[in-house]
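Peer 1: Model the following, please.
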Amino acid sequence: MKLIILDRDGVINHDSDAYIKSLDEWIPIAGSIEAIARLSKAGWTVAVATNQSGIARGYYPLAVLEAMHTRLRELVAEQGGEVGLIVQCPHGPDDGCDCRKPKPGMLRQIAEHYGVPLSGIWFVGDSSSDLETARTVDCQPVLVKTGKGERTLAKGLPAGTLVFDDLAAVAAQLLT
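Peer 2: Predicted coordinates for the structure are as follows:
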């Protein structure tokens, strides 16, 4: 199985320090939907692991998050692809869960769902916590410069991190 795991905010859609709180605020980054569809059509399973502490903070209900993910699936389907498992951490930073990145719970949940080891699987993110999560479970850390990516790049990266301009460039690399 060819599996790739993506962070959501800042990788697939535009991010906001004020949180993405409504379907109207959920705006795909140019080329990201097409990139997911291209990967899917080429036999890749595209899973998503996303921290969504805005739920714990009361900024938006789970139904709004589900509507965003439904829209993501619809847009990718319109391009002939599909999105695999989407897992989210709805907890706040002080809740003590094992799923909030940089803890590896969501990645382990995806691996268990698909029955695959995480070693070497590409995990694409835009933040230091994404890269740290990847390293924790021996995934290949991949940074995109969209979202918080440029700020993350300026802080220094874990050894072996691959860097791309955006998700479209990641897909282009994997499909060459």
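Peer 1: Can you list the residue ranges for helices in this protein?
Peer 2: 32-41, 62-78, 105-114, 128-136, 149-155, 167-174 (DSSP state H).
Peer 1: what's the closest of the ones you listed to Cys99?
Peer 2: Cys99 lies closest to helix 105-114 among the helices of the chain, at 3.5 Å (Cβ to Cβ). From N, CA and C alone the C-beta is placed, and that goes for glycine too.
Peer 1: count of residues packed around Ala168?
Peer 2: 20 (other Cβ atoms under 10 Å).
Peer 1: before we move on, back to that, nearest to Gly10, of the helices of the chain?
Peer 2: Across the helices of the chain, closest to Gly10 is helix 149-155 (Cβ to Cβ), at 6.7 Å.
Peer 1: ok so, going back, right, and the helices of the chain - which one's nearest Gln52?
Peer 2: helix 62-78 (5.7 Å).
Peer 1: Give me the distance from the closest one to the chain's centre.
Peer 2: 14 Å (Cα atoms, centre = their mean, to the nearest Å).
Peer 1: and that helix, what other elements does it pack with?
Peer 2: helix 32-41, strand 86-89 (3 or more Cβ pairs under 8 Å, 6 or more residues apart in numbering; DSSP states H and E).
Peer 1: hang on, the earlier thing: okay if I get the helices of the chain as JSON lines plus mean pLDDT?
Peer 2: Conversion of the helices of the chain to JSON lines gives the following (pLDDT from 0 to 100):
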{"stretch": "helix 32-41", "mean pLDDT": "98"}
{"stretch": "helix 62-78", "mean pLDDT": "98"}
{"stretch": "helix 105-114", "mean pLDDT": "98"}
{"stretch": "helix 128-136", "mean pLDDT": "97"}
{"stretch": "helix 149-155", "mean pLDDT": "97"}
{"stretch": "helix 167-174", "mean pLDDT": "98"}
